[in-house]
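Visitor: With the input below, show me the fold.
(one chain, ligands or ions: 2)
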Amino acid sequence: MTILIEHPDFGSQVDDPKVHEETNEMVLDGGFVVPKGISNEAFLAPEVNAFGHGFRDYNAESERQKGVEEFYRLQHINQTYDFVRRLREEYGKLNRMEMSIWECCELLNDVVDDSDPDLDEPQIQHLLQSAEAIRKDYPDEDWLHLTALIHDLGKVLLLPSFGGLPQWAVVGDTFPLGCAFDEANIHHKYFKENPDYNNPAYSTKNGIYSEGCGLNNVMISWGHDDYMYLVAKENGTTLPTAGLFIIRYHSFYPLHKGGAYTHLMNKEDKDNLKWLHVFNKYDLYSKSKVLVDVEEVKPYYLSLIEKYFPAKLRW
Ligand SMILES: [Fe+2]
Ligand SMILES: [Fe+2]
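Guide: Numbers count the residues shown, from 1 in each chain. Ligands and ions are numbered 1, 2, ... in the order given. This next block holds a predicted model:
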């Protein structure tokens, strides 16, 4: 079964040119520029993706941009504090399915993002490619390999068996609710139509929070990040907090790329952010590498899953 998603996957800040206009250098998800002639093989920027297509199809680009903008209009209007609170509560029950991490990887494989020109492959390839790339560069950090493997599993929220949430409630950059929307948010203007925008309690810099309160106390827009964090945490994963932080905030581009909202972070967040920066370098890169032989690497990842997760998880 293949489920085609109508809209692009906005899991990264898609208005970000992937090739820097002046230098022609590759820009990775999160705005990391790959310097020319870098020796680290994992960061060699391929000119074509796994299917021989150029990275940017300029004819499709303007149509794509319109789709992106419309996506963020809907996301910014509909993600309110109350909406997020309700969905966290609802999905926090974890009463929809029981399955292993690997079964979820296979389930996500049914989701093919038909309209992302750089991601024609099933999701499991994106998961394994990013995990394998990190494994190569950080061989001793097995928790980071597993974190990469599972970081996007929350996208099952798009599937009918998980409520079939709309794209704007699953993917795209994330941002805090309950305080002012920072200008660093992509297409910031659409927040003016968000009911929270005119709520005085939410419209100051700190809003309902206090300086340095820690991101754990901040309500972030609902999507695949926070859902997978809840799944991992509530099922008692033994992944280190940096792994959970990566899963939970990898789409929080206004923070980890834009440098906004740092006043809400505490010391632990700041430490974990360093690992998130490491992780983000691998997100776009991994969408273009040669296909990973799933059967070959499967035993390694099964051993990691066994190390850090129970055999069956509640979803
Ligand atoms: Fe993601
Ligand atoms: Fe990803």
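Visitor: which parts of the protein sit against ligand 2?
Guide: 152, 283 (CB under 5 Å from the ion). From N, CA and C alone the C-beta is placed, and that goes for glycine too.
Visitor: which residues in the chain form strands?
Guide: 3-4, 27-28, 32-33, 98-99, 111-112, 176-177, 219-220, 313-314 (DSSP state E).
Visitor: hey, least reliable of the ones you listed by pLDDT?
Guide: Lowest mean pLDDT of the strands of the chain: strand 32-33, a mean of 24.
Visitor: Tell me, please, the helix or strand in the chain that averages the lowest pLDDT.
Guide: strand 32-33 (a mean of 24; mean pLDDT, DSSP states H and E).
Visitor: Return the distance of residue 215 relative to residue 251.
Guide: 13 Å (CB to CB, to the nearest Å).
Visitor: actually residue 92, sorry about that
Guide: Taking CB to CB, one finds residue 92 at 19 Å from residue 251.
Visitor: Pick out whichever of these two has more residues nearby.
Guide: Neighbours were counted for residue 92 and for residue 251 using other CB atoms under 10 Å; residue 251 has more, 29 against 14.
Visitor: Going along the chain, name the helices of the stretch 1-150 of the chain.
Guide: Taking DSSP state H, counting those that start in this stretch, the helices of the stretch 1-150 of the chain run over residues 58-78, 81-91, 101-108, 123-137, 142-150.
Visitor: what does the stretch 201-315 of the chain give?
Guide: 224-234, 241-249, 253-256, 267-285, 294-308.
Visitor: Turn those helices into CSV, including distance to residue 97 and mean pLDDT.
Guide: Shown next, in CSV, are those (distance: least, CB to CB, whole Å; pLDDT from 0 to 100):
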stretch, distance to residue 97, mean pLDDT
helix 224-234, 10, 98
helix 241-249, 18, 98
helix 253-256, 29, 97
helix 267-285, 26, 92
helix 294-308, 16, 98
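Visitor: okay if I get those helices as CSV plus distance to residue 180 and mean neighbour count?
Guide: Below are these laid out as CSV (distance: least, CB to CB, whole Å; neighbours: other CB atoms under 10 Å):
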stretch, distance to residue 180, mean neighbour count
helix 224-234, 20, 22
helix 241-249, 19, 23
helix 253-256, 12, 23
helix 267-285, 19, 19
helix 294-308, 37, 15
